[in-house]
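Undergrad: quick one, structure for this:
(one chain, ligands or ions: 1)
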Amino acid sequence: MDKQQKLGLLLSSRLFKKRTDVEVVLNRTTLSWREIQRSQKQDLDIGNSLDAAVSQVVPVSEIVSVQKTEEQHSETSSAHSRALEHNQLFLYAFTVSYVLRASKHQWRCTDVVFLCPDLTVCEQWIRAISDQLSILANRPKSLLVYINPFGGKRQGKWIYDQKVAPLFSKACISTDVIVTEQPNHARNHLETKANLDKYDGVVCVGGDGIFSEIVHGLVTRTQDENKVDLNDSEAQLMPSALRIGIIPAGSTDCICFSTVGTNDPVTSALHIIVGDSQPMDVCSVHHNSSFLRFFVSLLGYGFYGDVLTDSESKRWLGPTRYDLAGVKTFLNHNYYEGTISFLPAEDNMSNPRDKLQCRSGCCVCQQRSSSKARDMMEEKKKSVKDRREGWTVLSGKFIAINTACISCACPRSPKGLSPSAHLADGTMDLILVRECSRIDFLRHLLRHTNKDDQFDHQFVEVHRVKKFHFQPCRTEVSSLEDLSEIPRRAPSDQHAQPHRGVTATPPTAAGPATARSCPIMQFKSVSSAS
Ligand SMILES: Nc1ncnc2c1ncn2[C@@H]1O[C@H](COP(=O)(O)OP(=O)(O)OP(=O)(O)O)[C@@H](O)[C@H]1O
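TA: Numbers count the residues shown, from 1 in each chain. Sure thing, here's the model as predicted:
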């Protein structure tokens, strides 16, 4: 058996590309081509070692489509005359579209056209590549798409129509598209009406808010179908069988940025097409015995909670609303007094101040995922015990009580609020900013935007936790300057915990108060709920 057979050679031909003869080779994992003449010259001059320099290799998993090139290709006339020189006629052509990795995590779709000496060869190539694409089990064939036309700069529909739909169509993905008409349209549709059996995944076009709707809709429906009581904070959530993809078209797009490393609709569409997936934790928030909500990115109480609440009333301003609400809340300088109890994550595989950045294939998340079944059993047994022991209790006055399920990176804060938080390890990073002066708090906030360690302040502490509980003092919310001020927002006793990805699929996150997490499935370009 020669080397090529060992590599699973499927097809090899001498074809023509632009002005050159190329040897094109398809095996089970790659499509490659190299210029024959140049390579041979190099063979003579410098030896075989330079072959790689003139050959291109594309993983089959990153081929978007292969199609017969019907129209006269721009290069055809020059190619034709060049071909004549070679006493060959290359009248038939096929185009392979594939992923090109550009800079800063961005992906682009690029084409290569191969001219063939006859129709049989052309069709043989198209069939061989199509066959390989058809056995890629992760690729979605049918998607349900929700577009929020009011997210971010209100470009969602345009972004989808112009940048995403043509790629889905090229990849032969069928879609049902719903443009939402009001808040919670997507959530309610998913919870009650959508026929989910038809689809391989759900895609949202918008920001973290519409993603949150999708998470709530899918996770709630899955729990209903499996008779899981969401009000039971100890119940193990069942993962959804569908993955969620995000096309960023919001104001922050934190979940997309934190998982893919960029907010670029084309990159996200390509991740979806090639079937990339990334598990995420979903956390749930309970108040007493009632389920409040899920979250997958940031649960903010105090400063960030106030910024988000205030920014909602300024939605008409677009993304600028966050800056305005941020300045206003900063000037108010409120603090919140209460007691926080948390259950620390037990192992020492990672901590919130290590330099790890969780990415696809992260060993910490993988290890967690492989021990998931065992952990689920243990966690069940432990839940009663947990209530009695292992909890750490802290009291005091806090400006911000944040919980990050993921790094929460976004263009404004490229490393995020918790740079080494993991996407799917079943833990949350609890970040406490204690009472401090305005100038100190500003120094802390500025560190969100630069490379300095944002936890390296005496008034900031961070804990990697599995669950936490917050019990506010009833009369406490006051300006640091004016302690007599009545709290604008009376906090209540809440707890949160993360649910580790339950299925064999991607991420999930859970929310505030008592938080826990369960997994949901996502395409890699996912983002989460805030
Ligand atoms: N048709 C609609 N009209 C008004 N609001 C909608 C509509 N569809 C969805 N929404 C709501 O709009 C809110 C914001 O949407 P989205 O998150 O997509 O944009 P954003 O807030 O600008 O971005 P980000 O959350 O990333 O900052 C969501 O909470 C969603 O429930």
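Undergrad: walk me through the domains of the protein.
TA: 3-134, 142-365+389-522 (automatic domain parsing).
Undergrad: for the ligand, see how far away the residue nearest to Cys254 when sequence neighbours are not counted is.
TA: Among residues not flanking Cys254 along the chain, Cys410 sits closest, at 4.4 Å (CB to CB, 6 or more residues apart in numbering). From N, CA and C alone the C-beta is placed, and that goes for glycine too. The span separating Cys410 from the ligand equals 8 Å under the rule CB to the nearest ligand atom, to the nearest Å.
Undergrad: before we move on, back to that, looking at the domains of the chain, which one has the lowest mean pLDDT?
TA: Per-stretch mean pLDDT for those is lowest at domain 3-134 (a mean of 79).
Undergrad: for the residue nearest to Cys254, give me phi and psi.
TA: phi -160, psi 170 (degrees, to the nearest 10).
Undergrad: so it sits right up against Ser251, yeah?
TA: No: using CB atoms under 8 Å, Cys410 makes no contact with Ser251, being 9.3 Å away.
Undergrad: who are the contact partners of the residue nearest to Cys254?
TA: Residues in contact with Cys410 (CB atoms under 8 Å, 6 or more residues apart in numbering) are Thr252, Asp253, Cys254, Phe257, Ser258, Asn263, Gly416.
Undergrad: among these, who's most crowded?
TA: Counting neighbours by other CB atoms under 10 Å, Cys254 leads those with 32 neighbours.
Undergrad: any figure for the gap between that one and Phe468?
TA: 21 Å (CB to CB, to the nearest Å).
Undergrad: would you say His463 is within a strand?
TA: Yes: under DSSP: H, G, I helix; E, B strand; the rest coil, His463 sits within a strand.
Undergrad: name the nearest residue to it, sequence neighbours excluded.
TA: That would be Leu430: by CB to CB, 6+ apart, it lies 4.7 Å from His463.
Undergrad: sec struct for the one you found, please.
TA: Secondary structure assignment for Leu430 (three-state DSSP): strand.
Undergrad: how much space between it and Thr392?
TA: 10 Å.
Undergrad: of these two, who's got more company?
TA: Leu430 (27 against 13).
Undergrad: SS state for the nearest residue to Ala102 once chain neighbours are set aside?
TA: Excluding the flanking residues, the one nearest Ala102 by CB to CB, 6+ apart is Arg108, at 5.2 Å. Three-state assignment for Arg108 (three-state DSSP): strand.
Undergrad: quick one: contacts for Arg108?
TA: Counted by CB under 8 Å, 6+ apart, Arg108 has contacts Val99, Leu100, Ala102, Val266, Leu270.
Undergrad: how many residues are close by Pro419?
TA: Residue crowding around Pro419 was assessed by other CB under 10 Å; the count is 25.
Undergrad: can you give me phi and psi for it?
TA: phi -60, psi -30.
Undergrad: kindly report the same for Cys362.
TA: phi -60, psi 130.
Undergrad: can you list the residues of the stretch 151-300 of the chain near the ligand?
TA: Applying CB under 6 Å from any ligand atom, we find that the stretch 151-300 of the chain lies next to the ligand at 151-152, 180-185, 206-210, 213, 250-253.
Undergrad: do the same with the stretch 1-150 of the chain
TA: Counting by CB under 6 Å from any ligand atom, the stretch 1-150 of the chain sits next to the ligand at Asn148, Pro149, Phe150.
Undergrad: out of the residues you listed, who's the most crowded?
TA: So for those (other CB under 10 Å), the most neighbours sit at Asn148, 24 neighbours.
Undergrad: show me the contacts for it.
TA: Gly156, Thr180, Ala186, Cys204, Val205, Gly206, Gly207, Gly209, Ile210, Ala249, Gly250.
Undergrad: can you count the residues close to the fourth one?
TA: Applying the criterion other CB under 10 Å, we find 31 residues in the vicinity of Cys204.
Undergrad: do a quick rundown of the strands in the stretch 301-450 of the chain.
TA: 334-344, 392-404, 428-434 (DSSP state E, counting those that start in this stretch).
Undergrad: with distance to the ligand added, can I get these in JSON lines?
TA: Converted to JSON lines, these look like this (distance: least, CB to the nearest ligand atom, whole Å):
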{"stretch": "strand 334-344", "distance to the ligand": "22"}
{"stretch": "strand 392-404", "distance to the ligand": "16"}
{"stretch": "strand 428-434", "distance to the ligand": "20"}
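Undergrad: circling back: tell me, what's touching Leu430 and Thr392 both at once?
TA: With CB under 8 Å, 6+ apart, Leu430 and Thr392 have common neighbours Phe342, His463.
Undergrad: buried residues in the host helix or strand of Ile210, which are they?
TA: Ile210 is part of helix 208-225, with elements assigned from DSSP states H and E. Across helix 208-225, burial judged by 16 or more other CB atoms under 10 Å covers 208-223.
Undergrad: then stretch 108-128 to PDB, C-alphas only?
TA: In PDB, the C-alpha atoms belonging to stretch 108-128 read as follows (Å, rounded to 0.1, in the frame of the first residue of the first chain):
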ATOM      1  CA  ARG A 108     -14.000  34.300   4.900                       C
ATOM      2  CA  CYS A 109     -15.500  32.100   2.100                       C
ATOM      3  CA  THR A 110     -13.200  31.900  -1.000                       C
ATOM      4  CA  ASP A 111     -13.500  30.100  -4.300                       C
ATOM      5  CA  VAL A 112     -11.100  28.100  -6.400                       C
ATOM      6  CA  VAL A 113     -12.100  27.100 -10.000                       C
ATOM      7  CA  PHE A 114     -10.700  24.000 -11.600                       C
ATOM      8  CA  LEU A 115     -10.900  23.500 -15.300                       C
ATOM      9  CA  CYS A 116     -11.300  20.000 -16.500                       C
ATOM     10  CA  PRO A 117     -10.400  18.300 -19.900                       C
ATOM     11  CA  ASP A 118     -13.900  16.700 -20.200                       C
ATOM     12  CA  LEU A 119     -17.300  16.600 -18.700                       C
ATOM     13  CA  THR A 120     -16.800  13.100 -17.200                       C
ATOM     14  CA  VAL A 121     -13.800  14.300 -15.200                       C
ATOM     15  CA  CYS A 122     -15.700  17.400 -14.100                       C
ATOM     16  CA  GLU A 123     -18.700  15.400 -12.900                       C
ATOM     17  CA  GLN A 124     -16.500  12.800 -11.200                       C
ATOM     18  CA  TRP A 125     -14.800  15.600  -9.100                       C
ATOM     19  CA  ILE A 126     -18.100  17.200  -8.200                       C
ATOM     20  CA  ARG A 127     -19.600  13.900  -7.200                       C
ATOM     21  CA  ALA A 128     -16.500  12.800  -5.200                       C
END
